[in-house]
Structure formats: structure tokens, C-alpha cells
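Peer 1: Structure, please.
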Amino acid sequence: MMDISRRRLLGGCLAGGIALAGCTSSSPESGSGTDDDSDGTAEGPQVGETTLSSSFPVEIYEGNSDTRLVQIHWHGELSNSHWHQQPMEVPQGRWTSYDVRVYNQDGDPIPLGEGAQFSLAISPTAETQPDLIEFDIAGRTLDANGQKTGLGEYRLELVDGEQVLWVAPLLQIEVI
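Peer 2: Predicted coordinates for the structure are as follows:
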């Protein structure tokens with residue numbers, strides 16, 4: 001049996017409380033600070049005719065696995081929503097595959113890519129080096145090749161052809 005000191009236990013509880021507070025506190029712009037609308041029902045982001053999950057609409061996994069790397073925690077509007085577990089790490093000098101799962105309000109992954117209603121797009125912000133990471137997208141598979149070490153912010157979008165339908169909160173990606 002593991003013996004945990006009182007100080008270590010209290011420190012762990014405090015750290016967990018601080019992390020939880022970051023997702024449950026309200027800000028002046030957010031109104032109530034919850035994912036509920038005025039009638040008490042959860043509301044996810046609306047993309048065309050599709051309503052996404054009201055809590056975690058997008059998750060990125062290691063390719064061909066169930067190891068989740070990052071996920072969006074939706075707080076009712078884009079300005080209050082954010083990615084958990086970021087920055088996402090991408091290795092330098094080799095292609096790595098990631099599985100991007102976008103969930104509807106029933107918690108089911110929606111089809112992405114050719115023949116589907118939506119496709120994925122990703123682009124660096126103006127402040128990010130444009131040649132930090134090279135991307136290739138096929139369906140819900142995001143292949144990334146880190147060109148040089150560094151940290152950048154990226155816009156992940158759901159698109160229909162050239163039309164941007166929804167922009168996720170900015171995702172930090174670090175090439176290691």
C-alpha cells in the first residue's frame with residue numbers, strides 16, 4: 001500500500017480544484033458560466049443543420065488508437081471554450097497521423113471528408129511561423145510533419161468546400 005503524506009495529498013487536491021475551477025468559473029462575458037441555455041437544456045455549437053456535442057464536440061486521438069491527446073471543452077460559446085491537454089505535441093522530422101473526431105449532440109462521430117457534409121481544414125494564426133508544421137488531411141485523419149521545433153496556434157475548421165462553417169477555439173501545437 002502506498003503511503004501518501006498529508007502535504008502531498010492536500011497539494012494534489014488543491015491542484016485538482018484549481019484545474020476544475022478553470023472550467024467552471026464564469027466570466028463577465030459568459031453570463032451564467034454554464035453550458036445550459038435559459039430553459040436548462042445543454043446547447044452545443046451549431047454548424048449548418050448539425051448541432052455538435054454540448055460538452056466535448058471535438059477530440060484528437062493518436063492515429064489508430066483510443067489514446068486521446070486533446071479535446072475541446074465547450075462552454076456555450078466560442079469565447080469561453082478551450083482545448084484541454086494542450087499543447088498537442090507533434091514530433092519533428094516525421095509524419096504522424098492523428099484521428100480528429102467531431103461529435104454530434106447524440107455523442108456520435110460525424111462523417112468527415114469526401115462525400116460527407118463537412119471536411120476539416122487547419123491553418124496557422126498570423127503569429128505562428130507558417131512553416132512550423134506541414135499538414136495533410138484525408139477524412140478525419142490529420143497527418144502532421146513538424147518542420148522545426150517551436151510552438152504555434154492553429155485554427156481547426158469545419159468547412160464545406162471553400163466555405164468555413166465553424167471555427168474551433170485556437171489549438172496550441174508544439175513541435176518537439
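Peer 1: which regions of the protein lie under the pLDDT threshold?
Peer 2: 1-42 (pLDDT under 70).
Peer 1: Name the residues that touch the lengthiest strand in the chain?
Peer 2: Determined from DSSP state E, the single longest strand within the chain is strand 150-160. Outside strand 150-160, the residues within contact range by C-beta atoms under 8 Å, 6 or more residues apart in numbering are 47-48, 58, 87, 100, 102, 117-125, 127-129, 132-133, 164-168, 170-175. Where you see a C-beta, it was placed from the backbone N, CA and C, and this is true even at glycine.
Peer 1: which among those end up buried?
Peer 2: Neighbour-count burial (16 or more other C-beta atoms under 10 Å) applied to the contacts of strand 150-160 gives 47, 58, 87, 100, 102, 118-120, 122, 124, 128, 132-133, 165-166, 168, 170-171, 173-175.
Peer 1: which ones among these are found in strands?
Peer 2: Going by DSSP E, the strands hold 47, 58, 100, 102, 119-120, 122, 124, 133, 165-166, 171, 173-175 from these.
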